[in-house]
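S.K.: here's a sequence, model it:
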Amino acid sequence: NKKLPRKRHAKVEDPEPRGLGAVNSNGSFKGESRKLKTDFLGLWAQPALAHALRAQIWIMGVFLPMFKIFNASLFLTLRYLKPRKNAVSIINYLSALGVTLGVALLIIVIAVMTGFTDEFKAKILNTMAHIQVHDFRRGYIASPERIIAEAKKLGYKASPVVQKTAMLQFKDRLIPKNVIGFDPATVNEAIPLKQYIKYGVSNPGKGQILISDQASSEFGLWIGDKLIVHSPAKLTKMVEYDEVKGFAPAKNKVYLPSEFEVAGIFSFDKYDFDSSVVFVNIEDADELFELPWGAATSVYINIPDPMNPEGARSSLAERLPDYNVLSWKQLNDQFLGVLAVEKTMMYFLLIFVVLVAAFSISASLITFVMRKIREIGLLKAMGASDLMIATVFTLKGVIVGFIGTVCGTALGIAAITWRNEFMFSLRKITGIEIFPKKFYFFSELPAAIKLDDLLVIWTLSMFLCVIGAIAPSLCAASLDPAKALRYE
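M.R.: Numbering: from 1, shown residues only. The predicted structure follows:
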């Protein structure tokens with residue numbers, strides 16, 4: 001029973017020196033665990049790192065359960081979307097088809113409206129200057145050289161132009177035309193006339209005229225033929241007005257019209273311009289309209305950035321306070337405004353097509369929920385949350401809407417790509433001109449697909465599909481599992 005004294009063991013030195021070679025069986029450095037704990041606690045005490053670690057723990061605690069719910073909901077959604085030989089699958093196909101047709105129709109119409117606007121702007125820039133300088137008070141510019149010099153100081157191109165209305169006569173036919181007189185040396189700095197000449201020359205000399213292919217077929221004219229141009233300024237002098245007698249022929253006045261020879265035929269491929277414009281030398285135009293020698297009715301100025309002409313117009317207006325400086329957007333402001341309003345209205349009207357498709361998704365989901373009441377009750381009885389049930393049916397509507405949006409985008413782009421071939425085939429079958437050139441000013445249907453328009457259409461389509469799926473999803477989530485299992 002006598003207690004034996006404890007033996008004191010001798011201190012054993014570590015045979016291996018501390019360092020990188022001394023490690024425990026778990027891979028940690030010997031004698032470093034306590035130091036690491038101390039360092040970790042010290043780092044945790046630092047405010048910035050403490051907040052970061054707490055935020056990371058909070059994010060993991062919040063989003064990890066949400067990810068699990070989403071993963072389970074996605075599994076059930078894909079299971080419900082598998083094609084089966086029942087009415088629900090047909091309803092799903094019809095819902096996706098409705099979204100497809102709505103998105104395709106939106107893309108086609110908006111692309112045509114955008115292409116029409118862009119094409120019209122391009123035609124305007126090809127047939128008129130970016131900026132025009134006028135003197136509305138006097139009706140003409142006596143010395144256009146000063147305006148041209150100011151424009152060249154700013155790095156712009158300029159050319160004097162005479163533009164007035166006259167009557168063209170060939171044999172016994174009279175047709176009004178817009179006569180443009182230009183300087184042959186600088187005309188291409190204002191209007192790219194040379195690249196649109198189909199036959200003949202681009203720089204008419206004295207007594208020569210350039211007509212369009214429309215006027216050529218209208219009059220039956222060709223290069224070398226001669227026609228007569230009547231000036232309104234000269235015609236009005238042949239008639240005198242008396243307050244008592246009224247109108248009477250002028251006495252001792254003889255009127256001789258100007259004769260021109262057709263030197264070239266052009267086509268800008270813009271029906272309204274080609275059918276109403278002829279070109280002559282600026283000296284002939286001054287003589288025809290009885291303007292001072294070297295005068296011009298306007299100065300055409302071209303700038304490097306025609307789509308943003310306001311800055312250049314303001315600079316020229318400051319340098320030329322005595323003249324009226326107008327940009328091409330101001331001269332066509334009414335028409336461009338109408339095109340913008342029409343495009344907005346098309347968005348507003350055609351979005352109802354996608355809205356109807358979204359309601360079809362909602363109707364199909366309601367039908368699906370009514371068929372799956374028992375399964376919903378079982379899932380909720382097994383612990384599925386309301387959020388999980390709502391997510392299942394919302395994802396179903398989102399996936400159907402996404403498939404319809406993708407297919408509608410592909411269909412719309414394909415229709416735009418082969419639009420002219422389709423119109424040609426339709427015209428060949430029916431014998432009806434679908435896109436008359438004389439009404440729409442273009443030889444083919446213009447269209448342009450822009451990414452910003454596609455983003456707007458995709459966003460609207462998916463938003464409406466999500467809205468259509470929310471109500472059935474909430475109905476499914478609010479089902480009482482006891483009642484669902486009792487009656488099913």
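S.K.: packing partners of the lengthiest helix in the chain?
M.R.: The longest helix of the chain (DSSP state H) is helix 87-127. Contacts defined by 3 or more C-beta pairs under 8 Å, 6 or more residues apart in numbering; DSSP states H and E place helix 87-127 against helix 333-371, helix 386-417, helix 451-477. Where C-beta positions appear, they are placed from N, C-alpha and C, glycine not excepted.
S.K.: angle of that helix against helix 386-417?
M.R.: Interaxial angle of helix 87-127 relative to helix 386-417 (axes from the mean of the first three to the mean of the last three C-alpha atoms, to 10 degrees): 40 degrees.
S.K.: ok, then the element right after helix 87-127?
M.R.: Scanning forward in sequence from helix 87-127 by DSSP states H and E, the next helix or strand is strand 131-134.
S.K.: coming back round to it: tell me the mean pLDDT for the longest helix of the chain?
M.R.: Per-residue pLDDT over helix 87-127 has a mean of 85.
S.K.: now stretch 245-253
M.R.: pLDDT averaged over stretch 245-253 gives 70.
S.K.: low-confidence ranges in the protein?
M.R.: 1-88, 250, 252-254, 434, 436-443, 484-488 (pLDDT under 70).
S.K.: after the biggest strand by length in the chain, which helix or strand is next?
M.R.: Taking DSSP state E as the criterion, the chain has its longest strand at strand 157-170. As assigned by DSSP H and E, the chain's next helix or strand after strand 157-170 is strand 173-182.
S.K.: and the angle from that next one to strand 157-170?
M.R.: Going by the same axes, to 10 degrees, strand 173-182 makes 160 degrees with strand 157-170.
S.K.: tell me what strand 173-182 is packed against?
M.R.: Partner elements for strand 173-182 (3+ C-beta pairs under 8 Å, 6+ apart): strand 157-170, helix 213-219, strand 277-281, helix 282-288.
S.K.: try 6 Å this time
M.R.: Strand 173-182 sits against strand 157-170, strand 277-281, helix 282-288, with contacts defined as 3 or more C-beta pairs under 6 Å, 6 or more residues apart in numbering; DSSP states H and E.
S.K.: what helices and strands are in contact with the second one?
M.R.: Spelled out, that is strand 277-281. Counting by 3+ C-beta pairs under 6 Å, 6+ apart, strand 277-281 packs on strand 173-182, strand 208-212.
S.K.: returning to that earlier point: the longest strand of the chain pairs with which strands?
M.R.: In the sheet, strand 157-170 lines up against strand 173-182 (antiparallel), strand 226-230 (antiparallel), strand 298-302 (antiparallel) (DSSP bridges).
S.K.: export these to JSON lines and tack on distance to Lys428 and mean neighbour count?
M.R.: Below are those laid out as JSON lines (distance: least, C-beta to C-beta, whole Å; neighbours: other C-beta atoms under 10 Å):
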{"stretch": "strand 173-182", "distance to Lys428": "33", "mean neighbour count": "18"}
{"stretch": "strand 226-230", "distance to Lys428": "37", "mean neighbour count": "17"}
{"stretch": "strand 298-302", "distance to Lys428": "42", "mean neighbour count": "25"}
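S.K.: using JSON lines, lay out those together with distance to Glu240.
M.R.: Conversion of the strands paired with strand 157-170 to JSON lines gives the following (distance: least, C-beta to C-beta, whole Å):
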{"stretch": "strand 173-182", "distance to Glu240": "22"}
{"stretch": "strand 226-230", "distance to Glu240": "18"}
{"stretch": "strand 298-302", "distance to Glu240": "31"}
